[in-house]
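Novice: Sequence first, then the predicted structure:
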Amino acid sequence: MSAALGAYPMTREASGTAWQPDSSVHGGVHIEAGEWMVMSHARLNAVYDRQQGPRGDDKTFAAGMVMSEATRALASEDVVRIRAMLSPDPLMGASGYPLLLATGETANGRDPLIDHQHPHNLVMELSGSFSHPLGSEDNAYLYAGLPGEPACGPPAFMHRLSILDSPEAPISHHWLDSTHITNGVVTVGYVHSIFKLEASRFHGREPDQYRYRIEPGPLDSTAARFSWNPAQTLSLQVSWARQISPEQLAPREDETRSSASAIYTEPLGANRYWSTTAAYGYRHGSSGPRLWAYLIESAVKPTDLWTIFARFERETNNELTDFGGQSSPVYVVAKASVGAIHDWRISEHLQVGLGALYAFNFLPSSLTPLYGHDPAGMMAFARLKVE
């Protein structure tokens with residue numbers, strides 16, 4: 001299959017226009033339809049989630065994604081790609097699922113979600129791209145999506161080999177990759193071999209509580225990203241964004257974001273790998289504090305049917321307490337989780353798996369009255385994988 005955006009291996013392409021190492025594993029069902037090459041895959045999880053402590057809860061829910069893309073190389077050597085990605089997340093309800101220390105967005109348009117991970121939209125991406133060669137190693141491209149993903153941050157967490165087997169969203173999601181569902185984006189980019197420079201105009205407002213809708217808006221925000229793959233096993237990026245009115249509950253507040261990340265993926269054999277991501281994110285609102293987060297996550301697949309994964313993240317967060325519109329203090333919190341999944345191959349393209357994870361939450365003593373003493377979280381899940 002041809003890469004959509006440049007003269008490089010297709011395994012380099014991740015969510016939106018983001019890059020990952022060339023050594024990454026791409027799973028999918030490939031079908032030729034005339035002059036189009038179609039690739040489809042799906043990961044669907046049924047999850048039982050239990051979060052401990054006074055602010056904890058438990059819930060059973062479905063999450064995951066189904067994605068399909070069609071790529072065609074034209075006689076002029078231009079390449080066209082169309083991509084669609086859907087999610088069952090809205091079925092879990094507007095409040096999402098319990099996840100201690102997670103914040104961002106709203107369930108009802110009035111109150112912020114705290115200690116919950118919001119569901120993603122039914123339509124996660126509908127996009128198209130056009131790439132034109134400028135030489136043997138040079139390409140220019142145009143990408144547009146409604147929704148789509150601007151040139152901001154590392155690949156979205158559910159696409160990173162280092163953590164895609166975990167059903168738990170990172171608490172640093174809104175520092176690093178929450179722009180992966182944007183209701184309107186146009187990106188232009190230039191690729192030279194192992195380098196890529198791109199810029200986006202996009203709709204800055206993050207999705208609201210109406211998860212079944214596509215709600216376009218003006219392309220009022222800007223992002224830029226520089227990516228570099230110095231080796232087949234390594235992918236680096238730095239990015240910046242100025243996001244206009246991202247939060248529904250604070251419409252007059254704009255935000256500046258920046259991030260840096262490194263992804264290392266070492267092949268261990270057929271369908272086996274060790275992949276690690278280290279990332280740093282920074283947010284600064286028009287009138288709010290400067291907030292940072294970092295994470296390191298890793299997954300090792302020692303056999304075709306076993307995956308072991310872990311993540312550690314630490315952040316400053318000013319949304320963990322809600323005092324009726326009064327400013328919340330800034331807290332430094334951290335989370336560590338570890339888990340594993342075992343798959344059983346049903347057919348060439350179908351696997352089912354059973355997995356579990358355990359999470360440790362680390363909080364300052366000032367939050368103990370609200371959370372208790374370092375409450376834990378855990379998930380058990382069954383997975384259907386088509387690839």
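Specialist: Sure thing, it's come through.

Novice: most centrally placed residue in the protein?
Specialist: Centrality entry for the chain: nearest residue to the mean C-alpha point is residue 156, 2.0 Å, by C-alpha atoms, centre = their mean.

Novice: Pull the contacting residues for the residue of the chain positioned farthest from its centre.
Specialist: Among the C-alpha atoms of the chain, the one most distant from their mean position (C-alpha atoms, centre = their mean) is that of residue 75, at 34.2 Å. When the contact criterion is C-beta atoms under 8 Å, 6 or more residues apart in numbering, residue 75 has no partners at all. C-betas here are computed from N, CA, C, even on glycine.

Novice: quick one: buried residues of stretch 71-90?
Specialist: 71-73, 79, 81-83, 85-90 (16 or more other C-beta atoms under 10 Å).

Novice: what's the answer for stretch 184-196, then?
Specialist: Quick answer for stretch 184-196 (16+ other C-beta under 10 Å): 184, 185, 186, 187, 188, 189, 191, 194, 196.

Novice: quick one on the thing from earlier: the buried residues of stretch 71-90 into JSON lines, with extra columns for secondary structure?
Specialist: Formatted as JSON lines, the buried residues of stretch 71-90 follow (DSSP: H, G, I helix; E, B strand; the rest coil):
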{"residue": "71", "secondary structure": "strand"}
{"residue": "72", "secondary structure": "strand"}
{"residue": "73", "secondary structure": "strand"}
{"residue": "79", "secondary structure": "strand"}
{"residue": "81", "secondary structure": "strand"}
{"residue": "82", "secondary structure": "strand"}
{"residue": "83", "secondary structure": "strand"}
{"residue": "85", "secondary structure": "strand"}
{"residue": "86", "secondary structure": "strand"}
{"residue": "87", "secondary structure": "coil"}
{"residue": "88", "secondary structure": "coil"}
{"residue": "89", "secondary structure": "helix"}
{"residue": "90", "secondary structure": "helix"}
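
Novice: with the residues you listed in mind, which one is nearest to residue 379?
Specialist: Proximity of the buried residues of stretch 71-90 to residue 379, judged by C-beta to C-beta, is greatest for residue 89, which lies at 15.2 Å.

Novice: Chain neighbours aside, what residue packs nearest to that closest one?
Specialist: Once flanking residues are discounted, residue 89 sits nearest to residue 119: 3.7 Å by C-beta to C-beta, 6 or more residues apart in numbering.

Novice: quick one: that neighbour is in a helix?
Specialist: No: checked against three-state DSSP, residue 119 lies outside a helix; its state is coil.

Novice: Show residues contacting stretch 130-145.
Specialist: Identification of contacts with stretch 130-145 by C-beta under 8 Å, 6+ apart yields 4-7, 16-17, 76-81, 125-129, 182, 184-193.

Novice: typo on my end, it should be stretch 211-219
Specialist: Applying C-beta under 8 Å, 6+ apart, the set of residues contacting stretch 211-219 is 89-90, 94, 119-123, 126, 146-147, 183-186, 201-203, 205, 207-208.

Novice: Dihedrals phi and psi, the residue lying closest to residue 156 once chain neighbours are set aside?
Specialist: Counting by C-beta to C-beta, 6+ apart, residue 180 is the residue found nearest to residue 156 once chain neighbours are left out, at 3.8 Å. The phi/psi pair for residue 180 (degrees, to the nearest 10) reads phi -70, psi -20.
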